[in-house]
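> Got a sequence here, can you build the structure:
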Amino acid sequence: MKKTSVKISLVVISCIAILVFLALYKSGNVSALDKNIYRDIKTFNEVFDMVKKNYVDEVDSTTLIQGAINGMIRSLDPHSAFMTPDLYKELEVETQGQFGGIGIEITILKDVLTVVSPIEGTPAFAAGIKPGDQILRIDGKTTKDITIMEAVKKLRGPKDSKVTITIMREDMNAPKDIVLTRAVIQIKSVRYKVYDDNIAYVRIASFHERTAEDMRKALRDLNDKVKPMKGLVLDLRNDPGGLLIQAIEVADMFLSSGVIVSTRGRTKNMETKAVAKNNMNEVTCPMVVLVNEGTASAAEIVAGALQDNGRALIVGTQTFGKASVQTIIPLEDGSALKLTTGRYYTPNGRSIQAEGIVPDIVVKYVRPSGDQEAPAIWEREDRPREKDLKGHIKPTKKDGKKPDELKTRDLTDSPDFALDNQLKTAVDILRSWEIMKSNIKG
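Residues are numbered from 1 along each chain as shown. As a prediction, this is how the structure comes out:
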């Protein structure tokens, strides 16, 4: 019965293709490309039928079709993906900011599953997993040709269950097995504290569905504690991004007017523009935004909006450079398609795809002397960026000011600060802001 239904489905697809072809032909709009599409569908039919009849073992039809869909989507770019119903549920869980797993951000770099960053306070972080680590095997099974979503499914699981990952690092002579006990990874999106009694510090770890709400609570609490608030450091280092709408809401908390971000794609409905609203409660004190190579996607939207609107000084190192928009399209059987449908642009019309945001003041992280174990914020010179990912979307010609035209100041030779030289630089800038205001007349 199953075989018959699959054959009927393929016949229906073929009939539709033939009808479309004949309609185009009759209208005179048929091209060589249309003929090629029809021929390719016919070839797919033939290959599918041959595999079903002649492969050494019986193969499930759904497995074959899903494999073909996966191959098609993987040929596009690193961020598009076909998700089975189980994988789609995993994605929905992730956007809620809580899941069972080991706590790492991963990507495919040069065809190898690679760690982008461990998440602070998770089993992976505690085990010493570092950015750039290659994951060669999961529970003894090779990760060759694995997709991101497949890897995520293997790494996640119930609390207290174990998973073994085999990693390879530059300074290792041989791969190393690390046994990790999964935990409930509850990403605390927003953390905050106060320096010098009047300089606020807020860190956003990622943008999930509660980030804007958590940010509002943090700012309300800081406003109650810090009077007057003379400056604010927004730390977006190692923030991999997340939900676009949350990034827009966060940026709007610091802007009373101006464009936050615009998106453009092939279709008209992908042309959008988010504009800041005057809510009469925006934070107005001087701001410094900290960024690094791990600042990506939604985090880059916030940094770009504040930079182009002249609202904040950007300090740190060049960001990851992911400026493509992924749309989640649910399908009838419970699966979904995550498809790249557009590029986003900063308010000045810059596309930072595969380029990233260049800070106004470049400050490289300096590891504390004598500290052999790199902290979470440590930046590797060879850390993967968007431009290093196979099949990444190419940057477009920029209409606005180019990053290399921005005035930058390299403070690489800053002293070896005791804990975090980038943060210390940001706080020092805000301290001096008030001094300059009181001393410069005119």
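> which residues of the protein fall in helices?
2-27, 32-54, 61-74, 85-95, 123-126, 148-155, 211-225, 244-252, 298-308, 421-439 (DSSP state H).
> Same list, the ones you listed, but as TSV with distance to Ile106 and mean pLDDT please.
(Each C-beta comes from the backbone N, C-alpha and C, glycine too.) Below are those laid out as TSV (distance: least, C-beta to C-beta, whole Å; pLDDT from 0 to 100):
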stretch	distance to Ile106	mean pLDDT
helix 2-27	34	47
helix 32-54	31	84
helix 61-74	16	89
helix 85-95	12	78
helix 123-126	10	92
helix 148-155	6	89
helix 211-225	21	95
helix 244-252	21	96
helix 298-308	17	97
helix 421-439	25	81
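> Now do the contacts for the residue nearest to Gly101 when sequence neighbours are not counted.
Sequence neighbours aside, Arg156 is the residue nearest to Gly101 in space, at 4.1 Å (criterion: C-beta to C-beta, 6 or more residues apart in numbering). The contact partners of Arg156, by C-beta atoms under 8 Å, 6 or more residues apart in numbering, come to Glu90, Phe99, Gly100, Gly101, Arg182.
> And the closest residue to Asp333 other than its chain neighbours, how close does it get to Leu331?
Closest residue to Asp333 apart from its sequence neighbours, by C-beta to C-beta, 6+ apart: Pro85 at 6.8 Å. Counting by C-beta to C-beta, to the nearest Å, the gap from Pro85 to Leu331 is 9 Å.
> Against Ile104, how distant is Ala127?
In terms of C-beta to C-beta, Ala127 sits 10 Å off from Ile104.
> Looking at these two, which one has more neighbours?
Each of Ala127 and Ile104 has its neighbours counted (other C-beta atoms under 10 Å); Ile104 has more, 25 against 17.
> tell me the contacts of the closest residue to that one other than its chain neighbours?
The spatially closest residue to Ile104, leaving aside those adjacent along the chain, is Ala124, at 4.5 Å (C-beta to C-beta, 6+ apart). When contacts are counted by C-beta under 8 Å, 6+ apart, Ala124 is found next to Ile102, Gly103, Ile104, Val115, Pro118, Leu180.
> Report the contact partners of the third one.
The contact partners of Ile104, taken as C-beta under 8 Å, 6+ apart, are Val115, Val116, Ser117, Pro118, Ile119, Thr122, Ala124, Ile129, Leu155.
> What of the second one?
Contacts were defined as C-beta under 8 Å, 6+ apart; by that measure Gly103 touches Pro118, Ile119, Gly121, Thr122, Pro123, Ala124, Phe125, Ala183, Ile185.
> Ile187 versus that one, what's the distance?
9 Å.
> Mutual contacts of these two, please.
With C-beta under 8 Å, 6+ apart, Gly103 and Ile187 have common neighbours Ile119.
> list the contacts for the closest residue to Val259 other than its chain neighbours?
The spatially closest residue to Val259, leaving aside those adjacent along the chain, is Pro347, at 4.1 Å (C-beta to C-beta, 6+ apart). Pro347 sits next to Gly258, Val259, Ile260, Val261, Ser262, Gly304, Ala305, Asp308, Asn309, Gly400 when contact means C-beta under 8 Å, 6+ apart.
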